[in-house]
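*Asks:* Sequence below, structure please.
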Amino acid sequence: MTAIRLFLSAFLLAGLPCAAPVVATPPDRILVFTKTAKFRHESIPVAVATLQRIATAEGMVADHTEDASTFTTAHLARYRVVVFASTTGDVLDDAQQAALEGFVRNGGGFVGVHAAADTEYDWPWYGQLVGEHFQDHPPGLQSTHVQPEHGGKPVGERWPITDELYNYRANPRGRVRVIATVDERGYDGGLMGDDHPIAWCHAFDGGRSWYTGLGHDAPVYADANVIAQLVRGLRYASGRSDDC
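*Replies:* From the prediction side, this is the model:
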């Protein structure tokens, strides 16, 4: 009887359809780009390590490069987000610029950190992507408060920051969604008045762009508020969240 039962079980199982193999979805990848043609920030290695840790925690994979030749249509197709982390000056040639433009127009995300606004002044599309270009900054590191905002109104508590605080060529409000300002009353050398945006996001040319002016000083990347800001930036740029 045992043999008969085994035979029948095998016969019945043989008639069952085989389950389709489970194919794992590859994780989203981000490309952290840190090429500099002008001033080079000593905090770049810390910025890269922080972005890589955030990406890992978010289930993403972060690659780092300073090789502009990787900016081709085929190579950028591997990525969901491109991050310019304290890049400076003219870092991409015409063909590489066209590849980044195509990446964004195809729905890719962009994150700019600190000196990303001090990059590619002769490329109008890039200035629109970032939101606004750097003008200057007060000397040294100074302390003030960051005020988060949503929908043009302050939300939550202000938090302290000590960093190099950029002035921009113009106020980007109206062209971007401002998500944080700094209080110029707390330091010397601010030139933008009562409304001084320091972080913002916007949908742009088929993709998404997010920027923070913070990140000059390495200890900034250990600040829980800055880390939370970067997390929201990566989630927004990658399309995982509309809340930047």
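*Asks:* And the pLDDT for the residue most central in space within the chain?
*Replies:* For the chain, the residue sitting closest to the mean C-alpha position, by Cα atoms, centre = their mean, is V111 at 2.6 Å. With respect to pLDDT, V111 scores 99.
*Asks:* Helix or strand: which one has it?
*Replies:* Using DSSP states H and E, V111 maps to strand 109-113.
*Asks:* what residues are up against the residue nearest to the centre of the chain?
*Replies:* I30, V81, V82, V83, F84, S209, W210, Y211, L230, G233, L234, A237 (Cβ atoms under 8 Å, 6 or more residues apart in numbering). Yep, even glycine has a C-beta here, placed from its N, CA and C like the rest.
*Asks:* quick one on the thing from earlier: ok, then the element right after the strand holding V111?
*Replies:* Per DSSP H and E, strand 109-113 leads on to helix 124-130 as the next helix or strand towards the C-terminus.
*Asks:* follow-up on the earlier one: select from the contacts of V111 every entry located in helices.
*Replies:* L230, G233, L234, A237 (DSSP state H).
*Asks:* Would you map the helices across the chain?
*Replies:* Using DSSP H, helices in the chain cover 2-14, 44-57, 73-76, 94-105, 124-130, 224-237.
*Asks:* which of these is buried the deepest?
*Replies:* helix 224-237 (a mean of 20; mean count of other Cβ atoms under 10 Å).
*Asks:* Could you verify my assumption that C201 touches R208?
*Replies:* Yes. With contact defined as Cβ atoms under 8 Å, C201 reaches R208; the gap is 7.1 Å.
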